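J.: here is a sequence together with a model predicted from it:
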Amino acid sequence: MGYVDRNLVPGETLLYRTRHHWLVLLGPLIGGSSLLVPGIALLAEAINTRGTAGLVVGGSTISPEVMAIAGAVLVVAAVITFSYGVAKRNATEMAVTNRRVLIKTGISSRRTLDLMLSRVESIGVEESAVGRMLGYGSVVVRGTGGTPEPFVMIAHPQEFRRAVQEQIGAPQAPTS
């Protein structure tokens with residue numbers, strides 16, 4: 001159960017939810033791969049040189065045990081790098097309900113924005129050409145009298161804006 005689900009008030013209905021686009025995983029994927037490939041190569045070389053004195057590099061001999069440890073450290077670092085990227089992506093939630101716009105970002109430290117629909121002054125979307133093709137962009141939410149709140153690399157930003165605008169324009173049911 002995420003932040004949005006835990007913070008719905010009685011009578012509030014979740015209408016639209018989005019999060020970071022999958023492209024935010026590209027950096028951790030490249031970083032993790034740059035650690036994973038040499039890590040696997042070191043582990044493979046450690047297995048190939050097992051039972052020998054080791055690998056001679058520049059006049060020094062590197063034992064299979066040292067190569068195996070270095071390879072394992074690189075593989076673990078690669079897994080941690082990619083896992084952190086996935087956790088960071090999943091730590092961002094954006095939602096529209098019949099009453100509010102809710103946005104939460106952050107893993108260890110949290111930043112939230114809960115804005116009543118009646119207080120939304122404007123919601124802007126910025127998309128590059130590549131962003132339009134791949135379905136991501138930045139959303140800038142402005143509340144009345146507030147500063148703009150930008151949220152970058154959001155999946156389907158136009159749909160998010162449309163959901164907010166539809167709710168702002170929808171007739172509000174009386175609250176009891």
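T.: Okay, I see it. None of these values were measured; they are calculated from a predicted model.

J.: L113 looks like it's in a strand, true?
T.: Yes: judged by DSSP: H, G, I helix; E, B strand; the rest coil, L113 forms part of a strand.

J.: tell me which helix or strand the spatially closest residue to it that is not a sequence neighbour sits in.
T.: If the residues on either side of it in the chain are set aside, L113 comes closest to I103, at 4.3 Å by Cβ to Cβ, 6 or more residues apart in numbering. C-beta here means a position set from N, CA and C on the backbone, and glycine is covered the same way. Using DSSP states H and E, the element containing I103 is strand 100-105.

J.: other SSEs contacting that strand?
T.: In terms of contacts (3 or more Cβ pairs under 8 Å, 6 or more residues apart in numbering; DSSP states H and E), strand 100-105 is packed against helix 3-6, strand 93-97, strand 111-116, strand 149-155.

J.: centre of the chain to the first one, how far?
T.: Spelled out, it's helix 3-6. Remark: helix 3-6 is offset 17 Å from the chain centroid, using Cα atoms, centre = their mean, to the nearest Å.

J.: what bridges to V96?
T.: Y16, V101 (DSSP bridges).

J.: ok, it - contacts?
T.: 14-17, 102, 160, 163-164, 167 (Cβ atoms under 8 Å, 6 or more residues apart in numbering).

J.: assign A44 to helix, strand or coil.
T.: A44 ends up helix, using three-state DSSP.

J.: in which helix or strand does the spatially most central residue of the chain reside?
T.: With distances taken as Cα atoms, centre = their mean, R89 lies nearest the centre of the chain, 1.6 Å away. Using DSSP H and E, the element containing R89 is helix 64-90.

J.: can you point out the buried residues in that helix?
T.: Neighbour counts using 16 or more other Cβ atoms under 10 Å place 64, 67-68, 70-71, 74-75, 78, 81-82, 85, 88-89 of helix 64-90 among the buried residues.

J.: and these, which is closest to G146?
T.: K88 (25.6 Å; Cβ to Cβ).

J.: relative to I107, how far out is that closest one?
T.: 6 Å (Cβ to Cβ, to the nearest Å).

J.: count of residues packed around the nearest residue to L102 once chain neighbours are set aside?
T.: Excluding its sequence neighbours, the residue lying closest to L102 (Cβ to Cβ, 6+ apart) is A95, at 4.8 Å. Residues lying near A95 (other Cβ atoms under 10 Å) number 23.

J.: could you identify the helix or strand that succeeds the helix or strand of the chain with the lowest mean pLDDT?
T.: Lowest on mean pLDDT, DSSP states H and E among the helices and strands of the chain sits strand 55-57, with a mean of 71. Using DSSP H and E, the helix or strand that follows strand 55-57 in sequence is strand 60-62.
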